[in-house]
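Visitor: Sharing a sequence plus its predicted fold:
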Amino acid sequence: MPQENKYITSSTNEFEFGKIITNRIVFAIPYFQRSYVWNKENLEEFHTDILELEDNSNNIAFMGAIILYRRPEYQATQATFYDVIDGQQRIITMTLYIIALADKYVQLREFEKAAEVLQVLFNTGRTSLPSNIKIYPCGKDIPQFNNILKRLFQNPRLSEAMEIVPKYLPDHEGGSTRGKLATQYGRIKQKVGKYETIERLEELTSFLTDKVNFVQLDLNEPNDATKVFERLNFRGVQVTVGDLVRNEIFVDSYTTPPDELTQIYLEHWIPFYQRFGSNEKDFESFLFGSALIHDSTINKSGIYTLLRGEWEDFEFPSEKIEFLKKYLEEFCEIKYGNSHKDFSQRIKDSLNLLRTAKVADVVHPFLMKVLYENDKGNLEDDLVIEIINLIESYVVRRGLCGHEQTGMYKIFVSLWKKTKDDFTIDNIRTQIASYTTQPWPNNDDLKIAIYKINVSKARVLYHVLNEFEHSLDGDIPQNSFTFEHILPQSPSDNYPTFNEDDHEKYCHILANLIPVSGELNSSIKNAPYAEKQERYARDSMFKSPRNLAENHQTWNSADLDRRTDKLYKWIKNRWKY
């Protein structure tokens, strides 16, 4: 019989997960690391490796390298304290499996076995470390991780069997107990829950601790972590620009005492990052917009290199964060309307119209610079407002003519550079209109489009209908509305004056769409126009349906043409550029 191989490589640093985790040890995810991001697909791949062990007990599930930096300031009596440079997703996933196993044993009332499995996640004895738990997830994931353990320890029989009082990880951020980590734990619980017998659970435990191997690589110099992290990717979970920037900000964190690092993190990074609602997508949008102001030729992959060069002489994370914040308030005003700068209410109102029109983020670099110069006193409010209105007109006219906002990037990325020496509304309009591949519809184009174009899925439709309500001096309900097709999408026999060609022509044009509540929309559906007219007049919370019911006793092609003409005259004046 061939001898069983315990290892895949000849490296002396290849260890079973059980051997790694049973030591007096701490694996901490550094501040700069992203949150837990593995999804259902990643878990399925991981669990497939475990199932292969069941098919052949001689197999080894090799999970690659985990890259660590050992913090020298912790004495051996405390624990061997490692920062995890690469391996977070795999280590956290293995930990969630162990917790799920303990939970399953608790369900089976096997409390001693639950305690035995869970014991490997705790360091025993006295310690001044923040927690006696061996795994420290990143800051945003700590509330989810703590909550999972707290729910498990609600069972007094488990607490009694453990003979350990959990010292939960400090939650500096006060984050949510819901997220990707908690969701993944739920999936893992379902998988472990299928192991119904003690024997099967013991076998799974053995596989996880004795047959899942890692190669442990320890960095000699903490600053090498940046080089490693910059290039790493495991099972397709890409390292983002935001990850790299965050890493570079805290590149010296390995030599900073933990208490001091926590203070920097809480007082500088968290207030900055929370301005984006801790939304990684918005954070990256801000990074890209800011970088384009510095260099309009840069692409996303060049952001990290640009910032690294700018930060070359900075010593502290706080200096790097302050550099990033140069255009932060301008971004927040454009994106959320909540800057800490004293922009005029008229500018705020104009920017709010851009948000309701869902103007793409590609305009941010130009507008961020415009607002920045306005705050410095270099641009008057009236000119700024006119610029915002110009952009709104450009986007709305294009949207109504069937041109969505893809392709506008080339226009706005260099617009400041091209106009700064002649910064007038006429020159800005000329520069935007010079891009023939992104046409600026004139009034004739607009009229033809309003008669013909399907706008039912246009990005600007909500904004246009909302603004039309304002033009009628109607009350605008705060809750969002749905779009009612007056001539229904499935007209049945209730609209005999429209043949198939007429229906295709008129159903999705602007004149056939009005805002109504979801309740009213679902209750009238394909009803004949006489019934709809009565309900618009009686039940609509919006003025435009009531106005339509008053002015149109019938709904045929002539009525649609008449309303189209009215809408065109209003639109060409409302978005005049």
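Guide: Yep, it's here. Numbers count the residues shown, from 1 in each chain.
Visitor: So which residues of the stretch 201-350 of the chain form strands?
Guide: Secondary structure of the stretch 201-350 of the chain (DSSP state E, counting those that start in this stretch): strands located at 212-218.
Visitor: Any stretches of it with poor pLDDT?
Guide: Counting by pLDDT under 70, the stretch 201-350 of the chain contains low-confidence ranges at 219-239, 251-258.
Visitor: Equivalent analysis for the chain, please.
Guide: Using pLDDT under 70, the chain drops low at 1-12, 31-32, 55-58, 72-78, 127, 172-174, 219-239, 251-258, 474-479.
Visitor: so what are the domain limits for it?
Guide: Domains of the chain are assigned by automatic domain parsing as 14-237, 258-441, 444-574.
Visitor: okay if I get the ones you listed as CSV plus mean neighbour count and distance to residue 246?
Guide: The C-beta positions use only the backbone N, C-alpha and C, and glycine is treated the same way. As requested, the domains of the chain are exported to CSV (neighbours: other C-beta atoms under 10 Å; distance: least, C-beta to C-beta, whole Å):
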stretch, mean neighbour count, distance to residue 246
domain 14-237, 17, 4
domain 258-441, 17, 8
domain 444-574, 17, 31
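Visitor: would you turn those domains into CSV with distance to residue 249?
Guide: CSV is the format used below for the domains of the chain (distance: least, C-beta to C-beta, whole Å):
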stretch, distance to residue 249
domain 14-237, 7
domain 258-441, 5
domain 444-574, 35
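Visitor: With respect to residue 244, which of these lies nearest?
Guide: domain 258-441 (4.4 Å; C-beta to C-beta).
Visitor: For that closest one, what is the distance to the chain centroid?
Guide: On the basis of C-alpha atoms, centre = their mean, to the nearest Å, domain 258-441 is displaced by 18 Å from the centre of the chain it belongs to.
Visitor: Stretch 99-115 too?
Guide: Distance, stretch centre to chain centre, for stretch 99-115: 36 Å (C-alpha atoms, centre = their mean).
Visitor: measure it end to end?
Guide: End-to-end distance of stretch 99-115 (C-alpha to C-alpha, to the nearest Å): 10 Å.
Visitor: just stretch 545-558 next, same as before
Guide: Across stretch 545-558, the terminal residues are separated by 18 Å (C-alpha to C-alpha).
Visitor: what's the offset of that stretch from the middle of its chain?
Guide: Using C-alpha atoms, centre = their mean, the offset of stretch 545-558 from its chain centre is 43 Å.
Visitor: Also stretch 145-161?
Guide: Distance of stretch 145-161 from the chain centroid (C-alpha atoms, centre = their mean) equals 32 Å.
Visitor: C-alpha coordinates for stretch 319-338, PDB please?
Guide: Provided in PDB are the C-alpha atoms of stretch 319-338 (Å, rounded to 0.1, in the frame of the first residue of the first chain):
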ATOM      1  CA  GLU A 319      -0.600  63.400   5.700                       C
ATOM      2  CA  LYS A 320      -1.700  61.100   2.900                       C
ATOM      3  CA  ILE A 321      -5.300  61.200   3.900                       C
ATOM      4  CA  GLU A 322      -5.200  65.000   4.000                       C
ATOM      5  CA  PHE A 323      -3.800  65.000   0.500                       C
ATOM      6  CA  LEU A 324      -6.700  62.900  -0.700                       C
ATOM      7  CA  LYS A 325      -9.200  65.200   0.900                       C
ATOM      8  CA  LYS A 326      -8.400  68.200  -1.300                       C
ATOM      9  CA  TYR A 327     -11.500  67.800  -3.500                       C
ATOM     10  CA  LEU A 328     -13.500  65.700  -1.000                       C
ATOM     11  CA  GLU A 329     -16.100  68.300  -0.100                       C
ATOM     12  CA  GLU A 330     -16.700  69.100  -3.800                       C
ATOM     13  CA  PHE A 331     -17.300  65.400  -4.500                       C
ATOM     14  CA  CYS A 332     -19.700  65.100  -1.600                       C
ATOM     15  CA  GLU A 333     -21.700  68.100  -2.700                       C
ATOM     16  CA  ILE A 334     -22.000  66.800  -6.200                       C
ATOM     17  CA  LYS A 335     -22.700  63.200  -5.300                       C
ATOM     18  CA  TYR A 336     -24.700  63.500  -2.000                       C
ATOM     19  CA  GLY A 337     -25.400  67.200  -1.500                       C
ATOM     20  CA  ASN A 338     -23.800  67.100   2.000                       C
END
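Visitor: Contacts for that stretch next, please.
Guide: Identification of contacts with stretch 319-338 by C-beta atoms under 8 Å, 6 or more residues apart in numbering yields 245, 248-249, 268-269, 272, 275, 277, 282, 285-287, 289-290, 293, 307, 310-311, 314, 339-341, 343, 347-348, 351-352, 354-355, 361, 363-364, 367-369, 371-372, 375.
Visitor: just stretch 114-121 next, same as before
Guide: 18, 21-22, 95, 98-99, 101-103, 105-106, 133-135, 152, 158, 161-164, 205, 209.
Visitor: Neighbouring strands - and their directions - for the longest strand seen in the chain?
Guide: Longest strand of the chain, by residue count under DSSP state E: strand 61-70. Applying DSSP bridges, strand 61-70 is found paired with strand 80-86 (antiparallel), strand 212-218 (parallel).
Visitor: Which one of the ones you listed lies nearest to residue 561?
Guide: strand 80-86 (64.7 Å).
Visitor: Tell me which helix or strand comes right after that closest one.
Guide: Sequence order places helix 88-107 as the next helix or strand after strand 80-86, per DSSP states H and E.
Visitor: Quick one: residues contacting the nearest residue to residue 95 once chain neighbours are set aside.
Guide: Distances taken as C-beta to C-beta, 6 or more residues apart in numbering put residue 135 closest to residue 95, at 4.9 Å, once the chain neighbours are dropped. Residue 135 makes contact with 26-27, 91-92, 95, 121, 145 under the criterion C-beta under 8 Å, 6+ apart.
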